[in-house]
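>>> Need coordinates for the below:
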Amino acid sequence: MQRDVERWDGWFEDFFALLAGLWCRAEPRLTARAYLKALLGPVERKNTWQIAAYLGHTAPDKVKDLLRRTTWSWSRLRDR
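A predicted model of the protein is given here:
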C-alpha cells in the first residue's frame, strides 16, 4: 500500500509539473496543486468547505480565490 502511495505521489508531481506554468505566482500555484490533490484524494464531498478542511484551512477562502480571482486559462489547462 505504501508503495502505491509513493508511486501515485511521484506521478502526481510529474503531472502537475506540466500544469504549473499556468500560474505565474507561487502562492496560487501551490494552492492549485493542493486543490487538485484534494480533488483526486479521499475528500468525501468535493465542495470548497470540505477541500479547505482537507488542506488544513479553517475557511474556503484560498480555494475560492483560486477558482474566482486567479487569472489562468481554462483552454491552456485543457490543452496541456
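
>>> May I see the buried residues of the lengthiest helix in the chain?
Secondary structure assigned by DSSP state H gives helix 2-19 as the longest helix of the chain. Neighbour-count burial for helix 2-19, counted by 16 or more other CB atoms under 10 Å, picks out L19. Using the backbone N, CA and C atoms, a C-beta is placed for each residue, glycine as well.

>>> Residues touching it, excluding its own?
32-33, 36-37, 40, 77, 80 (CB atoms under 8 Å, 6 or more residues apart in numbering).

>>> Leaving out chain neighbours, which residue sits closest to T31?
Using CB to CB, 6 or more residues apart in numbering and skipping the chain neighbours, the partner closest in space to T31 is L66 (4.8 Å).

>>> from memory that neighbour sits against R33, does it?
No: the criterion here is CB atoms under 8 Å, and L66 misses it with R33 at 10.2 Å.

>>> Neighbour count: those two, which is higher?
Taking neighbours as other CB atoms under 10 Å, L66 and R33 compare with L66 leading, 21 against 17.
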